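Novice: quick one: sequence and predicted model below, then my questions.
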Amino acid sequence: GSAGAQPAGTTRKARKASGTKGKGAPHEVSGKTRKKAARTRKERPAEPSYSGTPDALSAEQIARKLQEISALLEILGENTFKVRAYENAARVLPGLGDELPDAIQSGNLERVRGIGRGIAEKVVAMAYTGESAYYDELRSRVPGGLLEMLRIPGLGPKKVKLLYDSMSIDSVEALEAACQTGQLEDLRGFGEKTQENILRGIAYLRRVNARFFWSVAHAHARPVFESLRDHPATVRAEMAGSLRRRKETVHDVDIVVSTDDPEAISEHFASGDWVERVIGSGPTKTSILHASGLQIDLRVVRDAQYPYAMHHFTGSKAHNVAMRGRAQRMGIKINEYGLFRGDELIECKTEQDLFAALGLQYVPPELREDEGEIQAAESESVPQRLLEGADVQGAFHVHTDLSGGRDDLETVVRAARDRGWKYVGISDHGPEQGGGGLNAERAETQRREIRELANRVPGIRIFHGVEADVREDGSFGLPDEVLRGFDFVVAAVHTGRDLSRDAQTRRVIRALRSPFTTILGHPTSRILLEHGGLELDLSAVFEAAADAGVVVEIDGQPKRMDPDGSQIRLARDKGALVCVAPDAYAADELEQLELAVGLARRGWLGPEHVFNTRGADDVAKHFESRRAARGHA
């Protein structure tokens, strides 16, 4: 993520408004200035009054509106500062989550870093009414298809504006047709390769359409599941499908319930306040459209059928096909209703019994992708125990308000301690991401604050790090003398996505071989539902990480979830150390560590494979060995 806005009161405009100049020296406000200020106060319209609770739109929904406003302003040619202000606010707002109504009603919203008075007024209007006159006015000036075009990876507002102004292209369909017929060849910046990339981006956009981040789908489905689980007619219940397998994104959700009263369960499900529309209903399946747009399917079965249904509806499809083939070779039929040898039911009370009946070790849901798990189960080489959240003793890659985070250092550290962590690794961005970050002076100031905080907040060890941007040549934006002072350095790629596979691989490997690098952050730099990962030879990258003793990060930020399960397994097989990380920008985002744990499970990792299952002393020894390698033991 990019860094946040400067602290309030540090800009020239803020100093002038507060009656100070330079580093805070007071100056006399002229009579002319006072008259202008009085006139401004008189001319400002009275703020509208609202009633009720400001919850018409969630923080996430309003943030999407602000992001669209930023894009619309850029398309309309507004000044960069205004565009970036809305962009920054769109990034900050989701961090408020359920606290947004309280922030509005207490009058504290405009005090949140990155949200000024003007934007706060628009947020308040949307929160109370669900509408924004400003947004509607901007939308009326821009063809609707341009916003859809902005979802195409690599196509920003400037390019969209150029396409519209030069060729009147105002929709994804029109753009696709222009690329397919080579109509953009004479347009600056839209050569053959760019047109090919646009076509791939359109195909990618359609493929991921109507998908949800795992965390979002889980948040929407969880209350529905809990209501079904707690219903008096329910015997057993669980969420299934890709949600149970902890896939990074989810198209829909399956819930399986065993009951002796299927009608009561189905009616309860279809009449809940979460229902936007009932899509279909029958004796064993009811489908609804959740108010969020997520489709949820309920499967009701008798309790004797429950383990078979859970296995079938958990999937994946490829896993089920492979299991069916194995069963057939054994003369057994398998479906959602049971295991049958001829007409005889092979009784199973649990999924463990089902696997055992097929001569297999139990396969956890996260591994059911037909990626060797059945062969491993046959030879009893499935990991005996996968990583669990309780195994993790601390985590790194945690931001504060120095680089786009919402909370200050002490708030974050106390939250980490309250979660039971034994250590936390603070790693704000370097200055190359813009809007602050750690330069030499701020790094030293933060280091002093960490030493002081260690005395005030006992029970947790604080490691001081930095997320350093990897340039296209593999070097870092921070000088060596600054990097040398950190306990650890997270090397991460944020720019230069268009390098060739060979160049990108050389870039990352050079960074790994730097004596300053401790952790490789979000290794592929993918953003889910926006663009895929970097073109990389990951086998070579993970080998280089293993050789250098660099830890490979599993990033739990919901939009990243990077790398994926098969890539994590590759890192393990290449002998690389691996850690799970929240990539948190607020204290409550420390819980994103659980998403990284889910990914580690999909990568077949047990506690023994994960660096931050180690205690604080062992972690410190590893960091010291890296510091010694760079001449600063």
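Specialist: Looks like it arrived, so ask away.
Novice: helices of the stretch 301-450 of the chain, start to end?
Specialist: 306-314, 317-329, 351-357, 373-378, 409-418, 440-456 (DSSP state H, counting those that start in this stretch).
Novice: enumerate every residue touching residue 117.
Specialist: residue 110 (Cβ atoms under 8 Å, 6 or more residues apart in numbering). The C-beta positions use only the backbone N, C-alpha and C, and glycine is treated the same way.
Novice: wait, residue 258
Specialist: Contacts of residue 258 (Cβ under 8 Å, 6+ apart): 234, 235, 236, 237, 300, 301, 302, 303, 305, 306, 309.
Novice: circling back: most packed of the helices of the stretch 301-450 of the chain?
Specialist: Per-stretch averages of neighbours, counted by mean count of other Cβ atoms under 10 Å, single out helix 306-314 among the helices of the stretch 301-450 of the chain, with a mean of 23.
Novice: and that helix with helix 317-329, angle?
Specialist: 130 degrees (axes from the mean of the first three to the mean of the last three Cα atoms, to 10 degrees).
Novice: please name the bridge partners of the residue lying closest to residue 211 once chain neighbours are set aside.
Specialist: Among residues not flanking residue 211 along the chain, residue 249 sits closest, at 4.5 Å (Cβ to Cβ, 6 or more residues apart in numbering). Beta-bridge pairing for residue 249 (DSSP bridges): residue 213.
Novice: neighbours around residue 249, how many?
Specialist: By other Cβ atoms under 10 Å, the residues close to residue 249 number 16.
Novice: and it, what is it in contact with?
Specialist: Contacts of residue 249 (Cβ under 8 Å, 6+ apart): 208, 211, 212, 213, 214, 528, 529.
Novice: which strands and helices sit next to the host helix or strand of residue 267?
Specialist: According to DSSP states H and E, residue 267 maps onto helix 262-270. Judged by 3 or more Cβ pairs under 8 Å, 6 or more residues apart in numbering; DSSP states H and E, helix 262-270 is in contact with helix 214-229, strand 252-259, strand 275-281, strand 285-290, strand 295-301.
Novice: relative to helix 306-314, how tilted is the next helix or strand after the first one?
Specialist: So that's helix 214-229. Next along the chain after helix 214-229, taking DSSP H and E as the criterion, comes strand 234-239. Using the same axes, to 10 degrees, one finds that strand 234-239 and helix 306-314 are set 20 degrees apart in direction.
Novice: any idea of the mean pLDDT in strand 234-239?
Specialist: Strand 234-239 shows a mean pLDDT of 98.
Novice: what number of residues lie near residue 396?
Specialist: Neighbours around residue 396, by other Cβ under 10 Å: 29.
Novice: so who does it touch?
Specialist: Here residue 396 is in contact with 424, 425, 427, 463, 465, 488, 490, 519, 553, 579, 581, 612 (Cβ under 8 Å, 6+ apart).
Novice: separation between the residue lying closest to the first one once chain neighbours are set aside and residue 381?
Specialist: In this case it means residue 424. Nearest residue to residue 424 in three dimensions, chain neighbours excluded: residue 416, at 3.9 Å (Cβ to Cβ, 6+ apart). The gap separating residue 416 from residue 381 is 36 Å, by Cβ to Cβ, to the nearest Å.
Novice: show me what contacts the nearest residue to residue 334 once chain neighbours are set aside?
Specialist: Spatial nearest neighbour of residue 334, chain neighbours left out: residue 327 (4.3 Å); criterion: Cβ to Cβ, 6+ apart. By Cβ under 8 Å, 6+ apart, residue 327 lies in contact with 333, 334, 339, 358.
Novice: measure the closest residue in space to residue 492 that isn't next to it in sequence to residue 237 for me?
Specialist: Closest residue to residue 492 apart from its sequence neighbours, by Cβ to Cβ, 6+ apart: residue 521 at 3.6 Å. Distance of residue 521 to residue 237, computed by Cβ to Cβ: 38 Å.
Novice: of these two, who's got more company?
Specialist: Between residue 521 and residue 237, residue 521 has the larger neighbour count (other Cβ under 10 Å), namely 27 against 22.
Novice: the more buried one reaches residue 466, doesn't it?
Specialist: No: if you go by Cβ atoms under 8 Å, residue 521 and residue 466 don't touch, sitting 10.6 Å apart.
Novice: shaky segments in the stretch 451-600 of the chain?
Specialist: The model of the stretch 451-600 of the chain has no residue with pLDDT under 70.
Novice: show me the strands in it, by range?
Specialist: Here the stretch 451-600 of the chain has its strands, by DSSP state E, counting those that start in this stretch, at 461-469, 488-492, 519-520, 551-555, 578-581.
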